[in-house]
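1. Quick one, what's the 3D model for this:
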Amino acid sequence: MSSEVALKCRASTRAAVLLLRALVLLGISFPGSTHHIPAGMALHLWGPSPPAVLLLLSLLGLAAAGKLLVTSVDGSPWFSIWEGLDMLRQKGHEVVVVVPEVSVNVKTSENFLVKKYPVSFTQEDMDNAVKTMFHIIFEDGSFLERYFKVVENMKIISDYIVSSCEQLLQNKELIRYLEESKFDAILTDPAIPCGVILAEHLSLPSVYFLRSIPCGFDSEATQCPNPPSYVPRMFSDLTDQMTFFQRVKNLLFDTQNLFLCDFAFEPYSKLASEFLQREVTVHDLFWKGSVWLLRVEFVLDYPRPLMPNMIPIGGVNCAHKELPQLLVVPVDGSHWLSMREVVDMLRQKGHEVVVVAPEVSLHIKPSKNFVMKMYLVPYKQDDLDNAFKASVLYPLTSKVCSAFAVLISRIQSHFV
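-> Predicted structure coming up:
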């Protein structure tokens, strides 16, 4: 094997492992994976092969840490991704964030390297445009009046973003640094396709971190079914339960794809063609995405088809708050047998757990994993045990009713 081929194999392996670790850090598991399967069972499922295992272990040693390039992730997506970047850095990976000198939310951090490049507008210009947008959205007035104001302001913000992308691609010093850094993967928001262009130029596997792309480009790029019969289009105010005429309305919303979306992404297609020195469209580049991390949650969004490389991670939008103390008032019997494992896990995570239970119970016992607070009840352990045994030993007889009546009455007396 030549040195060039060996380097390519090593880079591919490092990239794959980095992507998998990034997904695991974001709480993602894969159907059919052995992530939560005991080691012995995993070997049984896949079939033991000592030479193959040794080969994989040697490759993982080479891929112990990787380099991740992050770009075009500003605004609200940054709040969702920065914690994951911190965790990747703590795991030993090198993270480099490329950001313009003027940004909305991206700040420096000791956990990753930030490379800034100059732009032709000021921070005040960007802040004023964003503030104006929020003011227009919430101000009074007719819908049409506010609509045209929003379109006008969005054009200003879009011009800033396109200008920022152009100056990044024209920054030869920064591009040379990115070429020489030998990154393993790139993380970007494809709604701003500058990172998509960079991924093509650097020949990097790309991880897309997004809510959605206008006009259903995400479905087209992944060849994912997107039927208008039950997948409501953006801004249509429809649900997944539609009448025939509502489906027709939903279908008509797709007609905007014929002109509006191509028009919106045309500046980036022009930049991509000039930078890559060949005729290309942004839509063509979307097809090369390796993994699509979708900030959607089917508890809140309507269900729709997904391809294997489209992974919903809606929970990443939620703030993580520590629970310094947790009060548990358990239900006795078989319920406690299920709940006890969860309580033990909470304690192992560092939470202080207090379990409140009667002195007389079937299964609730003290444990080193939680603080137990007991209270008095007007019956003894023998009374409860006898009533429970009677209900088990004499099924389908009158004694069952009598035993359960005694058991229920004694349990209800807890609350008296």
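
2. which residues are contacting stretch 115-129?
-> Stretch 115-129 has contacts (CB atoms under 8 Å, 6 or more residues apart in numbering) with 96-104, 153, 156-157, 160, 163-164, 167-168, 171, 174, 177. All C-beta spots, glycine's among them, are computed from the backbone N, C-alpha and C.

3. Where helices are concerned, which of the residues you listed count?
-> Asn153, Ile156, Ile157, Tyr160, Ser163, Ser164, Gln167, Leu168, Leu174, Tyr177 (DSSP state H).

4. State the distance from the third one to Ala185.
-> The spacing between Ile157 and Ala185, counted by CB to CB, to the nearest Å, is 28 Å.

5. After the helix or strand hosting Val114, which helix or strand is next? Please name it.
-> For Val114, the element it lies in under DSSP states H and E is strand 113-117. Heading C-terminal from strand 113-117, the first helix or strand you meet, by DSSP H and E, is helix 123-138.

6. Now that next one: average pLDDT?
-> In this model, helix 123-138 has a mean pLDDT of 84.

7. Just give the nearest non-adjacent residue to Thr222, would you?
-> Once flanking residues are discounted, Thr222 sits nearest to Met307: 4.5 Å by CB to CB, 6 or more residues apart in numbering.

8. Each with direction, which strands does the host helix or strand of Leu187 pair with?
-> Using DSSP H and E, Leu187 sits within strand 185-188. Strand 185-188 has the following strand partners under DSSP bridges: strand 67-71 (parallel), strand 206-210 (parallel).

9. List only those of the contacts of stretch 115-129 flagged as buried.
-> 96-100, 102-103, 153, 157, 160, 164, 167-168, 171, 174 (16 or more other CB atoms under 10 Å).

10. Between all of those residues, which two are at the greatest distance?
-> Val96 and Asn153 (32.1 Å; CB to CB).

11. Low-confidence stretches in the stretch 51-200 of the chain?
-> 51-64, 143 (pLDDT under 70).

12. Assign a three-state SS to Pro228, would you?
-> Counting by DSSP: H, G, I helix; E, B strand; the rest coil, the backbone at Pro228 sits in coil.

13. tally of neighbours for it?
-> Residues lying near Pro228 (other CB atoms under 10 Å) number 20.

14. That one contacts Arg247, correct?
-> Yes: counting by CB atoms under 8 Å, Arg247 is a contact partner of Pro228 at 6.1 Å.

15. Out of the buried ones among the contacts of stretch 115-129, the closest to Glu200 would be?
-> Leu168 (14.0 Å).

16. tell me, how many neighbours does the closest residue to the closest one other than its chain neighbours end up with?
-> Counting by CB to CB, 6+ apart, Leu168 lies nearest to Tyr117, which is 5.6 Å off, once chain neighbours are set aside. For Tyr117, the neighbour count with other CB under 10 Å is 16.

17. Please report how far Tyr117 lies from Leu85.
-> 19 Å.

18. do the same with Gly333
-> For Gly333, the distance to Leu85 - CB to CB - is 45 Å.

19. Looking at the two now, which is surrounded by more residues?
-> Leu85 (22 against 13).
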